[in-house]
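Participant: Attaching a predicted model along with its sequence, questions to come.
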Amino acid sequence: MSSWYPVGPTETERCIESFMAIFQRYAGRDGNATSLSKKEFVTFMNTELASFTKNQKDLGVVDRMMKKLDINSDGQLDFAEFLNLVGGLAEACRTHVMRSTTGGAAYQP
């Protein structure tokens, strides 16, 4: 248990710690531990999101994702840019679940 939490982390705090740990697992393999290089991002995608990448017919999709996520165009993904991926995937999953529970109608929050 982290010393940040006097009574233990909440479920949300544990999720945040998990995202931080996953990011750090891949960042720095190419030298910069504060960001993901293109190679590190591809490794992350092929390992952590393998069901997504293996089902892609378009081999350039991961490259385009990296370019779109790289807001400052430095060729790296920092943690904030990485979280945009996580947020986008979470929203896509939520939309899919909500559509399946509403009989195909678009979910309106």
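Facilitator: Great, that's in hand.

Participant: Now for Leu89: which residues touch it?
Facilitator: Residues counted as contacts of Leu89 (Cβ atoms under 8 Å, 6 or more residues apart in numbering) are Leu49. Yep, even glycine has a C-beta here, placed from its N, CA and C like the rest.

Participant: Check what pLDDT it gets.
Facilitator: Listed pLDDT for Leu89 reads 90.

Participant: do Gln76 as well
Facilitator: So Gln76 comes in at 97 (pLDDT).

Participant: what's the distance between it and Thr10?
Facilitator: Distance, Gln76 to Thr10, by Cβ to Cβ, to the nearest Å: 31 Å.

Participant: which one of those two has more residues nearby?
Facilitator: Gln76 (19 against 10; other Cβ atoms under 10 Å).

Participant: The residue positioned nearest the centre of the chain sits in which helix or strand?
Facilitator: Central residue of the chain (Cα atoms, centre = their mean): Val86, 3.3 Å from the mean position. According to DSSP states H and E, Val86 maps onto helix 79-101.

Participant: Also Asp74?
Facilitator: Counting by DSSP H and E, Asp74 is part of no helix or strand.

Participant: What does the pLDDT read for the closest residue to it other than its chain neighbours?
Facilitator: Leaving aside its sequence neighbours, Asp74 sits nearest to Ser35 (Cβ to Cβ, 6 or more residues apart in numbering; 7.9 Å). What the model reports as pLDDT for Ser35 is 98.
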